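Asker: Provide a 3D model corresponding to the input given below.
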Amino acid sequence: MSESRGAIHDPDDIALAWSERAGLRGLSIRSGRVLAIAAAGVVLLLSLLDFSQGLRLATFDLWQRVFPRDRASAPAVIVAIDEASLAAHGQWPWPRTLMAALIERVAANHPAAIGVDVLFSEPDRLSPEQLAPMLAADDTALAQRLASLPTHDAQLAHAIGAAPVVLAVAGMPESEVPTAAGRTTPVLVRGPDPAAIASHAALLRSIPAIDVAAKGHGLISAEPSGRVVRRAPLVARAAGTLMPAFSVELLRVAAGLPAVGLDTAGSGVKAVELGDLGIPTDRDGAVWIHFAPRSAQRFVSAGDVLAGKVGAEVFDRKLVIIGLTALGLLDFHVIPTGERVPGAEIHAQLLEGIFDQDLLRRPGWLAWIEALALVGLAALAVVGAARWRPRTSLIAGVGAAAALVLIAAILMRSGGLLMDVTWPLLGGVAAFTVMLMATLAESDRQRRVLRRALNEERIATARNAGEQEAARRVQMGMLPPVDGRTVADPRVAIAALAEPARSVGGDLYDYFLLDERRLFFMVGDVAGKGLPAALFMSVAKALLKSAALRGTNPLDAIIDEAHDELARDNPGQLFITLFVGILDLDSGALEWCNAGHEPALLLPADASAPHPLYGASGPPLCVIENYPYEVNRDTLVPMDRLCIVTDGVTEAHGAGDELLGRERFARSLANIGAGAAGVRDAIHALLTAHGGERERADDATVLVVEWRGAGSATDRGGGATSAP
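Answerer: Numbers count the residues shown, from 1 in each chain. Presented below is the predicted three-dimensional model:
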């Protein structure tokens, strides 16, 4: 068995291996506590800083993808100026007369309000009065006639004034555009001045001739952070004046209310009020939009409206939003689901959320809950690493983290509350990682010390080749003959192979008769190689043979007795894998026990495919104290061959460093008709061909037991040898 197989990887095994060094381990934990608390504190501090918002917002976006809003109502309809509309009526911008016709078509179907999500900030360049100066030099009469016609802007203003239309206004930095004069909707503040709301230095409005005709004006500016639209302000300050958002103004005009109310506390906003309707907001007057999946039912094409293809019921008592949706018009925004949607759809989704009372919320107390969750996970990591086994503390930490995620999911699904679990989880992971590193640091240092001592011992031993050779001869002399001649019974044939990777190794095999009809055999593999493994092998072999020959103990009792004796004095913390069996030579009944060893391979007498013996198995000896090993029972038929090998066979390295493997090994033994010695020789040839000139990395041991049947004692006259 290679040294890598002897390493302890399981957390419980690590704790067991270092239980005798509790003082060093405790010191590592004590120093680790300080570092773990510091790491959790750093994560907590980072979670409170501005640059942490990106990670938090990504978490909220994930919640929206997992739990999108169910579209219960459909208060808003979007009249989309889409690709089909542009194909039918020409490129954008359209003449104002065409926009007037579109508004008149919609208004004729009695909508509750019409929101125009388009800014008319310049005169229509296709209006007659704009074209007249360009034609004056060529055709004065035509220019005069054009100048006498009604302007396109006047026609659009007339259509807007005749319907419940809300025009969009945009908040702008002061340096970009001067603020144009115009009407604004009164915002009545109930409480102190809301200084926390968003503020725009200037406004971009439609030209006065059009702007003055509208029944309302609403801000369309989204929150200034990032490229993803997650929140929408319901009220903001523009050019020093409080103004409602586009969606809120649509609701006000539809309800016929004279003003918008604002409930404030301190310097922040509590709610935006429209009559009896109160919409809770964050302190800055914004709300988190709960987005629903995109739906074609929200949209009708402006071209179909102008062509009269849209029924009156589509707009009746609806909030209609006229907006740009053609891809080339650039009015697209990214939403938390990752989709790019037109601005008109964001307004529609906000209106749906207000109607369904399904907006998301992030109250201030959630930040305290998140901080407590972070502290709790970090405390669990610090306390658990000190008091529990690593596996237990890991399970507890994963369970607590899963519970936190589940609570956040329930809050999102049932209450629309946005809880950030990313930073608490990062804090817990940081604390657990530091504690794990501190716990294993001393273990790793001690392991290096032991490895260094073992290497020095190997170097010292290698200087005396004669002693190594003597040790090899002594070790090989302790093993029974490879041809099975010490068991002179015609009912069974035995063949063995033992090739240590070095002068001495840690593999063992043995076989002997317990009485006239029972054959005891075993194959073992000690963790490691060299003299320590050889000594441990010698002790293990002697203890097992002594336990087997002493009385009529069952197989599991033999294993238990040897395990107790080996574990009693094992300062090197070595362990051994073992396959032990007892074969009844009269009946072919086989009792066997596998303690962490390679499965035995059964080669059936009928030359069918070999198959491994699987059954109850346990860990190697000296790994788990008082482990209850179980005995498996099978029955052989005459000429069945049982092949037991160590992992030095199945894990033999080839010229390209590839492993031989169990499957390839089993296939190589298919259809071998020879007896026990033939199987052994075939395995030896396979190892030689696979490894080539490469030095063997691990001990290779093979034991083949062939049961010839109870009749062989009579048929062969009792004088047959064990191996053919």
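
Asker: Give me the neighbour count for residue 310.
Answerer: Per other CB atoms under 10 Å, the neighbour tally for residue 310 reads 20. From N, CA and C alone the C-beta is placed, and that goes for glycine too.

Asker: Which parts of the stretch 301-450 of the chain are helices?
Answerer: Along the stretch 301-450 of the chain, counting by DSSP state H, counting those that start in this stretch, helices occupy 302-306, 343-356, 365-387, 390-415, 422-462.

Asker: List of residues touching the shortest one?
Answerer: So that's helix 302-306. Outside of helix 302-306, the residues that reach it under the criterion CB atoms under 8 Å, 6 or more residues apart in numbering are 79-82, 84-85, 87-89, 98, 101-102, 105-106, 310, 322.

Asker: Kindly report the same for stretch 308-321.
Answerer: With contact meaning CB under 8 Å, 6+ apart, stretch 308-321 is reached by 74-79, 105-106, 108-115, 117, 250-251, 254, 300, 304, 344, 347-348, 351.

Asker: for residue 261, helix, strand, or coil?
Answerer: Put simply, residue 261 is strand when judged by DSSP: H, G, I helix; E, B strand; the rest coil.

Asker: Can you report phi and psi for the closest residue to it other than its chain neighbours?
Answerer: Leaving out its chain neighbours, the residue that sits closest to residue 261 by CB to CB, 6 or more residues apart in numbering is residue 273, at 3.3 Å. Torsion angles at residue 273 (phi, psi; degrees, to the nearest 10) stand at phi -120, psi 130.

Asker: Return the mean pLDDT over stretch 673-685, rounded to an integer.
Answerer: The average of the pLDDT scores along stretch 673-685 is 87.

Asker: Just the C-alphas of that stretch, formatted as CSV.
Answerer: Listed next in CSV are the C-alpha coordinates belonging to stretch 673-685 (Å, rounded to 0.1, in the frame of the first residue of the first chain):
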residue,chain,number,x,y,z
GLY,A,673,-8.1,-22.6,-17.6
ALA,A,674,-4.9,-23.3,-15.6
GLY,A,675,-4.9,-24.1,-11.9
ALA,A,676,-3.8,-21.9,-9.0
ALA,A,677,-0.2,-21.7,-10.1
GLY,A,678,-1.3,-20.8,-13.6
VAL,A,679,-3.4,-17.9,-12.4
ARG,A,680,-0.5,-16.7,-10.2
ASP,A,681,1.9,-16.9,-13.2
ALA,A,682,-0.5,-15.0,-15.4
ILE,A,683,-0.8,-12.2,-12.9
HIS,A,684,3.0,-12.0,-12.6
ALA,A,685,3.3,-11.8,-16.4
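
Asker: which parts of that stretch are buried?
Answerer: For stretch 673-685, a neighbour-count test (16 or more other CB atoms under 10 Å) marks 675-683 as buried.

Asker: Among these, which ones are in helices?
Answerer: If you go by DSSP state H, these have 676-683 in helices.

Asker: Let me know the closest of these to residue 265.
Answerer: residue 683 (84.6 Å; CB to CB).

Asker: Check the gap between that closest one and residue 578 for me.
Answerer: 20 Å (CB to CB, to the nearest Å).

Asker: same deal with residue 239?
Answerer: Separation of residue 239 from residue 578 (CB to CB): 87 Å.

Asker: And the two? Which one has more around it.
Answerer: Neighbour totals were compared for residue 239 and residue 578, and residue 578 leads with 25 against 19 (other CB under 10 Å).

Asker: Which of the three states applies to that one?
Answerer: For residue 578, the assignment made with three-state DSSP gives strand.

Asker: Please apply the same query to the one 3 residues further on.
Answerer: Recorded secondary structure, residue 581: strand (three-state DSSP).

Asker: Next up, the contacts around it.
Answerer: 520-522, 555, 590-593, 600, 642, 644, 705.

Asker: what is it paired to in the beta sheet?
Answerer: Residue 581 forms beta bridges with residue 521, residue 592, as assigned by DSSP bridges.

Asker: If I look at it, what pLDDT would I see?
Answerer: Model confidence at residue 581, expressed as pLDDT, equals 94.

Asker: picking up where we left off before, which of the contacts of residue 581 has the weakest pLDDT?
Answerer: The member of the contacts of residue 581 with the lowest pLDDT is residue 555, at 89.

Asker: What is the burial count for it?
Answerer: 20.

Asker: and what of the one 10 residues further on?
Answerer: Using other CB under 10 Å, residue 565 is surrounded by 18 other residues.

Asker: Contacts only, for it.
Answerer: 543, 547.

Asker: In which helix or strand does it reside?
Answerer: Assessed by DSSP states H and E, residue 565 sits inside helix 555-568.

Asker: before we move on, what about residue 539?
Answerer: Here residue 539 sits within helix 530-549, counting by DSSP H and E.

Asker: mind saving the C-alpha coords of that helix as PDB?
Answerer: Extracted C-alpha coordinates of helix 530-549, given in PDB (Å, rounded to 0.1, in the frame of the first residue of the first chain):
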ATOM      1  CA  GLY A 530      10.100  -0.300   4.300                       C
ATOM      2  CA  LEU A 531      11.200  -1.500   7.700                       C
ATOM      3  CA  PRO A 532       8.400   0.000   9.900                       C
ATOM      4  CA  ALA A 533       5.700  -1.600   7.700                       C
ATOM      5  CA  ALA A 534       7.600  -4.900   7.700                       C
ATOM      6  CA  LEU A 535       7.900  -5.000  11.500                       C
ATOM      7  CA  PHE A 536       4.200  -4.100  11.800                       C
ATOM      8  CA  MET A 537       3.400  -6.800   9.200                       C
ATOM      9  CA  SER A 538       5.400  -9.400  11.200                       C
ATOM     10  CA  VAL A 539       3.500  -8.600  14.400                       C
ATOM     11  CA  ALA A 540       0.200  -8.600  12.600                       C
ATOM     12  CA  LYS A 541       0.800 -11.900  11.000                       C
ATOM     13  CA  ALA A 542       1.900 -13.500  14.200                       C
ATOM     14  CA  LEU A 543      -1.100 -12.200  16.200                       C
ATOM     15  CA  LEU A 544      -3.600 -13.300  13.500                       C
ATOM     16  CA  LYS A 545      -2.100 -16.800  13.300                       C
ATOM     17  CA  SER A 546      -2.000 -17.100  17.100                       C
ATOM     18  CA  ALA A 547      -5.600 -16.000  17.400                       C
ATOM     19  CA  ALA A 548      -6.700 -18.400  14.600                       C
ATOM     20  CA  LEU A 549      -4.900 -21.500  16.100                       C
END
